[in-house]
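>>> Dropping a prediction and its sequence here:
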There are 2 protein chains.
Amino acid sequence: MAIDHLDGALLELLAREPRIGVLEASRRLGVARGTVQARLDRLQSNGVIRGFGPDVDPAALGYPVTAFATLEIKQGQGSDVRAHLATVPEVLELHTTTGHGDMLCRLVARSNADLQRVIDRVVGFDGIVRASTAIVMENPVPLRIIPLVKQAAGD
Amino acid sequence: MAIDHLDGALLELLAREPRIGVLEASRRLGVARGTVQARLDRLQSNGVIRGFGPDVDPAALGYPVTAFATLEIKQGQGSDVRAHLATVPEVLELHTTTGHGDMLCRLVARSNADLQRVIDRVVGFDGIVRASTAIVMENPVPLRIIPLVKQAAGD
DNA sequence: GAATCCACTGGGCATTATGCATAGCGGTCG
DNA sequence: CGACCGCTATGCATAATGCCCAGTGGATTC
């Protein structure tokens, strides 16, 4: 669970050059191959590393528009709405939250016009009372984890 | 840019079993090794595949609390605020948006109490007028891309 | 219709990485 | 003090990689 400095360096290295193997990583870090292998195994069974899935850019797939929708749900309809949203490919992520809305989801679309279609599909469902959408213009900080890893490693 | 069915199957396979190599992938897909290699190269130079970075779970790192904060920014202070937020490790992601707020950011924290510290650090900056935070309770749909890939591949 | 292009196939080859096992070497802790 | 643990270092058989090439089938072009 706790991450030491070597784990942090390993994660950072993997994040920067994901295609390197265990051997190459051990050379870069200046430790033995077995050590890297053991750390990697531990990080994965710990759940710190969930996987190495390909990082796919929706924009390159033809979905350059991203938006966040806050949804208000009719009482007791939560699980129906979850199931409904899970069937929409353009829903990349869904959270239930505290605060003014009940759910927050990340959407992508082919264009601003297409976003209307996506939103209609998302909110065209009985349990959803209201939706408010924020279209993403810029993404100054893309999803990142390294700064947090460094903080977790350096304490 | 356009994704065909083989590309889709390859992406799906890589997402499910990221550690397999080119050879194994070619066996699974029933195509020649060179084909898989060529597709992978193309997908990467296309930008469809950004990389294969390790998927790190903040919760396993000791940050089990996730929240989304909507920020209202003083006119003209945008770039200062962006720079400020980029220095906070707990800010995993930052977007500028249309709508009621001006920015939306994803935060993590060690606990609900710790979230207060993070928020204080985030909003303790001159250009930020107001912040409203939604704490994530559940994550029924974790960040996913496969359904979208399938849709992009199957048209 | 014929020539051309292109992606895919299937094979070969040298180099490199992997998985697995071994033994030695400091540390820490009961 | 002895046991344990993580790291180092090395060896070896197996497997994957990067790179090469010649051939084939389908689509495009002239």
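On my side now, so go ahead. Numbering: from 1, shown residues only, chains lettered A, B, ... in the order given.

>>> How many neighbouring residues does the closest residue to DNA strand C within chain A have?
Closest to DNA strand C within chain A is residue A:21: 2.4 Å, counting by C-beta to the nearest atom of the strand. Using the backbone N, CA and C atoms, a C-beta is placed for each residue, glycine as well. Burial of residue A:21 is recorded as 10 neighbouring residues (other C-beta atoms under 10 Å in any protein chain shown).

>>> Mind giving me the packing neighbours of the helix or strand encompassing residue A:118?
Assigned by DSSP states H and E, residue A:118 belongs to helix A:112-123. Applying 3 or more C-beta pairs under 8 Å, 6 or more residues apart in numbering or on different chains; DSSP states H and E, we find helix A:112-123 packed against strand A:65-73, strand A:103-109, strand A:128-141.

>>> Export only the CA atoms of that helix, formatted as PDB.
Extracted C-alpha coordinates of helix A:112-123, given in PDB (Å, rounded to 0.1, in the frame of the first residue of the first chain):
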ATOM      1  CA  ASN A 112     -21.400  20.500 -30.900                       C
ATOM      2  CA  ALA A 113     -24.400  19.500 -33.000                       C
ATOM      3  CA  ASP A 114     -23.800  15.900 -32.300                       C
ATOM      4  CA  LEU A 115     -23.500  16.700 -28.600                       C
ATOM      5  CA  GLN A 116     -27.200  17.600 -28.700                       C
ATOM      6  CA  ARG A 117     -28.000  14.100 -30.000                       C
ATOM      7  CA  VAL A 118     -25.900  12.500 -27.200                       C
ATOM      8  CA  ILE A 119     -27.500  14.700 -24.500                       C
ATOM      9  CA  ASP A 120     -31.000  13.800 -25.800                       C
ATOM     10  CA  ARG A 121     -30.100  10.200 -25.600                       C
ATOM     11  CA  VAL A 122     -28.700  10.600 -22.100                       C
ATOM     12  CA  VAL A 123     -31.600  12.600 -20.700                       C
END
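
>>> That helix versus strand A:128-141: what angle between them?
Taking axes from the mean of the first three to the mean of the last three C-alpha atoms, to 10 degrees, one finds helix A:112-123 and strand A:128-141 inclined to each other by 130 degrees.

>>> Contacts for helix A:112-123 next, please.
For helix A:112-123, contacts defined as C-beta atoms under 8 Å, 6 or more residues apart in numbering or on different chains pick out A:65, A:67, A:69, A:71, A:85, A:88, A:90-91, A:105, A:107-109, A:128, A:131, A:133, A:135.

>>> quick one: contacts for residue A:103?
A:70-71, A:73, A:81, A:85, A:94-97.

>>> Tell me the one of those nearest residue A:32?
residue A:95 (41.6 Å; C-beta to C-beta).

>>> Show me the strands paired with the helix or strand harbouring that closest one, marking each as parallel or antiparallel.
Per DSSP H and E, residue A:95 falls inside strand A:91-97. Here strand A:91-97 is paired, per DSSP bridges, with strand A:103-109 (antiparallel), strand B:128-141 (antiparallel).

>>> quick one: average confidence on that strand?
Averaged across strand A:91-97, the pLDDT comes to 97.

>>> Which one of the contacts of residue A:103 is nearest to DNA strand D?
Scanning the contacts of residue A:103 for proximity to DNA strand D, where the rule is C-beta to the nearest atom of the strand, the winner is residue A:94, at 34.3 Å.

>>> Pull the number of nearby residues for that closest one.
25.

>>> just to revisit the earlier point, could I get the buried residue list for the strand holding residue A:95?
By 16 or more other C-beta atoms under 10 Å in any protein chain shown, the buried positions in strand A:91-97 come out as A:91-97.

>>> How far away from the center of its chain is it?
10 Å (C-alpha atoms, centre = their mean, to the nearest Å).

>>> do stretch A:148-155 as well
Relative to its chain's centre, stretch A:148-155 lies at 20 Å (C-alpha atoms, centre = their mean).
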